[in-house]
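A.B. asks: Could you look at this predicted model? Sequence included:
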There are 2 protein chains.
Amino acid sequence: MELSEIGKRAKSAKYEVALLDTETKNALLNQIADAIVADAQTIITQNAIDMENGRKNNMHPGLLDRLMLNEDRVEAIAEGLRQVAELPDPVGQVLETFTRPNQMVIEKVSVPMGVIGIIYESRPNVTPDAFGLCFKAGNAVILKGGSDCLYSNKAITDCIRKTLSENGHNPDMIQLIEATDRSVTAEFMKMKEYVDVLIPRGGAGLIRAVVENATIPVIETGTGNCHVYVDKEADMAKAIAIIMNAKTQRIGVCNACESLVVHSQIKDAFLPQLAKALQEKSVEIRADERAMEAMDGIDGIISATEEDFGKEYLDYILSVKTVDSVEEAIAHINKYNTGHSECIVTEDDKAAAKFKQQVDAACVYVNVSTRFTDGFEFGFGAEIGISTQKLHARGPMGLRELNSYKYTISGDGQIR
Amino acid sequence: MELSEIGKRAKSAKYEVALLDTETKNALLNQIADAIVADAQTIITQNAIDMENGRKNNMHPGLLDRLMLNEDRVEAIAEGLRQVAELPDPVGQVLETFTRPNQMVIEKVSVPMGVIGIIYESRPNVTPDAFGLCFKAGNAVILKGGSDCLYSNKAITDCIRKTLSENGHNPDMIQLIEATDRSVTAEFMKMKEYVDVLIPRGGAGLIRAVVENATIPVIETGTGNCHVYVDKEADMAKAIAIIMNAKTQRIGVCNACESLVVHSQIKDAFLPQLAKALQEKSVEIRADERAMEAMDGIDGIISATEEDFGKEYLDYILSVKTVDSVEEAIAHINKYNTGHSECIVTEDDKAAAKFKQQVDAACVYVNVSTRFTDGFEFGFGAEIGISTQKLHARGPMGLRELNSYKYTISGDGQIR
């Protein structure tokens, strides 16, 4: 199908999905969950084609694992949709009401975005997850998944569309762009006439390509060069627990710690202990000169280059920077971070307050691991991504962030 | 100065302006207002160079008038800054607080955007207005005004910078890009490293150029193809008053009415009356076939083409479309509008409710003129523009819309 035809259909479907009441949306989400479980074998069979192609193309084992669907994973997909059905409906909330001196009454009401475009890479579970959230928030969705994942995405999308149709609804509330041509993706990013918002989900390269080429408003997600700053007044046991958690609990995620900033007054006491714990987990340490000195006698410490401080490793590697004050820590972080998640470990309330106020990031932590930047951990019940821009939403985005608002103004003939 | 140097300076200044307390910001705004009045002669002298160049370049008299500064207008600029000083400070509001089961406390706090870029055309009063709002909301600002207005903008910016410096503050809280090269504007739109948000203010061409070329997140403003729909249950006196106000009170503004949609059951009684009122104000009527019939015998009615329905005339012209139901009116408006302001005139609550819910626009009016889409009329005290996109802010944008938010998370060693 032509891309413009997909756009037209989505624009038409958006008016229908926006009008569905909460009960209808929840019932449909549960029916879709049942249908996905019932179609598990078809979905798994189609996924096997993607897996086979992935093996032929020497896909990395980690990526193959992310691509793979089995019965448990299909059940988990269905469960995710059932959970979205349980969440409160963000649409139609009266956010504010005010009456002007001329007696006109202004209401600010939450409304769906309209058509949301999602561009993502090889994880088939994004397909139902993104649909579920966009749908519950009253939006039509156009999905452009990775070509590596096409058969899986198509099987899941077909199942959702079939369930919508069978229940008398427009199946175009979800559409999948099947063309794998890069030029199609480029064209998709410029379909301003039909698409209201674009959310890229994937690696830094994908996100950069979308930001650079889209004319549709984009919510930039994901990249996280996250720091933990260990202040001179830090509780060292807390600092070690937080760094080990933020660095090693999962290395490939955007809220993992990539860089340690340490106060010069605590480094000699702290770094040798930390290095031991990190090396037990095979974490490579890339330290600046003063931090190297503090770990003198410990094997395997590598000298950090300037480039290290700007890197999102997504690996068992940690850079270490020494500073002489909380102000210097803040300046270093504001220079190198990606606006994601930053942490201070300190027992000094003044240092904590300064760090919270002055660090420029979506989520600023005091004595808590950066790994909590997540829609579920924040209690939003779900997550479409982590915004690292300042426009619209910042940090974890749940259902509420998939809505816009409108003003409605009522009167009896007011003119200027 | 190199553009990247301007970017670096703005990024450095943004941390300083973000930390200013409300009292300091208000005092500075008042001092800047005084300085602008004191420098009135310099500003007017520099403005005269722009005026002279404008006349040489055969600038349209309407544009020349917008460009012109005299003592009254300089005083109005100062008064605008004093009014911004009176408005509540949006920065640092705790918007939400929630405690998670692991006892970490999450606060959602309003914070400045950082560096705001404004690209605008030939109105020198935008320079102090935009600075005042961005500054009060804790942001540094980089301004790129039209080359027609360079001397005026430079005089005003110099005055503001001088006042900031004299009071011991970083003058780079406001910077003006003086280069008039188009390539510089193009480069400015891609300075993602330094600029957090870009707001274009001007005609449709300028806004399209920014949307198409920027990699910085953009707030799209301005274009308004606004409709008034006269329902079959309309009070005709209200309908005429609203249309005359929305069409003729000021023709060159984005919230002016450009198109009338009329129910077929009321057209014969209504359109002849309306045509008389419009023609008294020299408004050209471009009507579809059924509306033409209703105005049979009235001279000077022009036949509308499809193209007319999509046009923002900004002139004494009104298109007229006939429909058979409120649903058809909504569909017509959703097809042709620009997401700005739409109005229904009706005494039927059900039709009003349907229109309010289903029309996709920033501001949806019931029995009120579209001319009220304005930050002052909404009670925001000021306005940086009218957003016609759904991301971040929609409709009139005041100080609050020049802020983002961050999450701060406090605990005592929580890990996952």
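C.D. replies: Done, it's in.

A.B. asks: Quick check: the gap between residue A:156 and residue A:131.
C.D. replies: 8 Å (CB to CB, to the nearest Å). The C-beta positions use only the backbone N, C-alpha and C, and glycine is treated the same way.

A.B. asks: These two: which is more packed in?
C.D. replies: The neighbour count for residue A:156 versus residue A:131, taken as other CB atoms under 10 Å in any protein chain shown, is higher for residue A:156 (31 against 27).

A.B. asks: Mind listing what's buried along the helix or strand containing that one?
C.D. replies: Using DSSP states H and E, residue A:156 sits in helix A:150-166. For helix A:150-166, a neighbour-count test (16 or more other CB atoms under 10 Å in any protein chain shown) marks A:150-161, A:163-164 as buried.

A.B. asks: cool, and stretch A:189-207?
C.D. replies: Buried residues in stretch A:189-207, counting neighbours by 16+ other CB under 10 Å, are found at A:189, A:191-192, A:194-202, A:206-207.

A.B. asks: what's the helix or strand just after the helix holding residue A:156 packed up against?
C.D. replies: Using DSSP H and E, the helix or strand that follows helix A:150-166 towards the C-terminus is strand A:174-176. Packing contacts for strand A:174-176, counted by 3 or more CB pairs under 8 Å, 6 or more residues apart in numbering or on different chains; DSSP states H and E, involve helix A:3-19, helix A:126-136, strand A:140-144, helix A:150-166.

A.B. asks: where do the helices sit along chain A?
C.D. replies: If DSSP state H is used as the criterion, the helices of chain A fall at A:3-19, A:22-38, A:40-56, A:61-67, A:71-86, A:126-136, A:150-166, A:182-188, A:204-213, A:236-248, A:267-280, A:289-294, A:326-336, A:349-358.

A.B. asks: would you turn those into TSV with mean pLDDT and distance to chain B?
C.D. replies: Conversion of the helices of chain A to TSV gives the following (pLDDT from 0 to 100; distance: least, CB to the nearest CB, whole Å):
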stretch	mean pLDDT	distance to chain B
helix A:3-19	97	7
helix A:22-38	98	15
helix A:40-56	97	29
helix A:61-67	90	20
helix A:71-86	96	17
helix A:126-136	96	13
helix A:150-166	98	20
helix A:182-188	92	13
helix A:204-213	91	5
helix A:236-248	98	4
helix A:267-280	98	13
helix A:289-294	97	23
helix A:326-336	97	7
helix A:349-358	98	5
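
A.B. asks: who touches stretch A:50-57?
C.D. replies: With contacts defined as CB atoms under 8 Å, 6 or more residues apart in numbering or on different chains, stretch A:50-57 is touched by A:63-64, A:67-68, A:124, A:148-152.

A.B. asks: go again using 10 Å as the cut-off
C.D. replies: Contact with stretch A:50-57 is made by A:44, A:59-61, A:63-64, A:67-69, A:122, A:124, A:146-155, as judged by CB atoms under 10 Å, 6 or more residues apart in numbering or on different chains.

A.B. asks: Okay, buried residues for that stretch please.
C.D. replies: A:50-51, A:53-54.

A.B. asks: repeat for stretch A:85-100
C.D. replies: A:85, A:87, A:89-91, A:100.

A.B. asks: Stretch A:377-385 too?
C.D. replies: Neighbour-count burial for stretch A:377-385, with 16+ other CB under 10 Å as criterion, is recorded at A:377-378, A:380, A:382-385.

A.B. asks: I'd like the list of these that fall within strands, please.
C.D. replies: residue A:385 (DSSP state E).

A.B. asks: How is chain A divided into domains?
C.D. replies: Split into domains by automatic domain parsing, chain A comes to A:3-220+A:392-410, A:226-376.

A.B. asks: so how far is the first residue of the shortest one from its last?
C.D. replies: Just to be clear, that refers to domain A:226-376. One end of domain A:226-376 to the other measures 19 Å (CA to CA, to the nearest Å).

A.B. asks: Give me the distance from it to the chain's centre.
C.D. replies: Averaging C-alpha positions (CA atoms, centre = their mean, to the nearest Å) puts domain A:226-376 22 Å from its chain's average.

A.B. asks: Just the terminal-to-terminal distance for stretch A:177-185.
C.D. replies: 9 Å.

A.B. asks: ok, now stretch A:337-349?
C.D. replies: End-to-end distance for stretch A:337-349: 23 Å, by CA to CA.

A.B. asks: Next, the buried residues of it.
C.D. replies: For stretch A:337-349, the neighbour count (16+ other CB under 10 Å) marks A:337-346 as buried.

A.B. asks: that older thread, quick check, nearest of the buried residues of stretch A:50-57 to residue B:275?
C.D. replies: residue A:50 (64.0 Å; CB to CB).

A.B. asks: Show me the one of the helices of chain A that comes nearest residue B:177.
C.D. replies: When the helices of chain A are compared by CB to CB, helix A:204-213 sits nearest residue B:177, at 21.6 Å.

A.B. asks: and the closest one, how far out from the chain's middle?
C.D. replies: In terms of CA atoms, centre = their mean, the gap separating the centre of helix A:204-213 from the centre of its chain is 15 Å.

A.B. asks: neighbouring contacts of that helix?
C.D. replies: The contact list for helix A:204-213, computed with CB under 10 Å, 6+ apart, reads A:117, A:119-121, A:146, A:182, A:185-190, A:198-202, A:216, A:218-224, A:254, A:312, A:314, A:338, A:385, A:388-389, B:190, B:192, B:214-217.

A.B. asks: between the helix holding residue A:156 and helix A:22-38, how many degrees?
C.D. replies: Interaxial angle, helix A:150-166 versus helix A:22-38 (axes from the mean of the first three to the mean of the last three CA atoms, to 10 degrees): 130 degrees.

A.B. asks: My guess is residue A:64 contacts residue A:122. True?
C.D. replies: Yes. Shown here, residue A:64 and residue A:122 form a contact pair, counting by CB atoms under 10 Å, at 9.1 Å.

A.B. asks: any residues in contact with both of those two?
C.D. replies: A:50, A:54, A:148.

A.B. asks: quick one: which of the buried residues of stretch A:85-100 is nearest chain B?
C.D. replies: The nearest member of the buried residues of stretch A:85-100 to chain B, counting by CB to the nearest CB, is residue A:100 at 6.1 Å.

A.B. asks: What sits closest to that closest one if chain neighbours are left out?
C.D. replies: Spatial nearest neighbour of residue A:100, chain neighbours left out: residue B:379 (6.1 Å); criterion: CB to CB, 6 or more residues apart in numbering or on different chains.

A.B. asks: Look up phi and psi at that neighbour.
C.D. replies: phi 90, psi 10 (degrees, to the nearest 10).

A.B. asks: Tell me which residues touch it, please.
C.D. replies: Each residue near residue B:379 by CB under 10 Å, 6+ apart is listed here: A:98-101, A:106, B:396, B:398.

A.B. asks: Residue A:300: which of those residues is nearest?
C.D. replies: Among those, residue B:398 lies closest to residue A:300 (CB to CB), at 56.1 Å.

A.B. asks: Before we move on, what's the pLDDT of the nearest residue to that closest one once chain neighbours are set aside?
C.D. replies: Leaving aside its chain neighbours, residue B:398 sits nearest to residue B:380 (3.1 Å; criterion: CB to CB, 6+ apart). Residue B:380 carries a pLDDT value of 93.

A.B. asks: In contact with residue B:380, which residues?
C.D. replies: By CB under 10 Å, 6+ apart, the contact set of residue B:380 is B:87, B:374, B:395-401.
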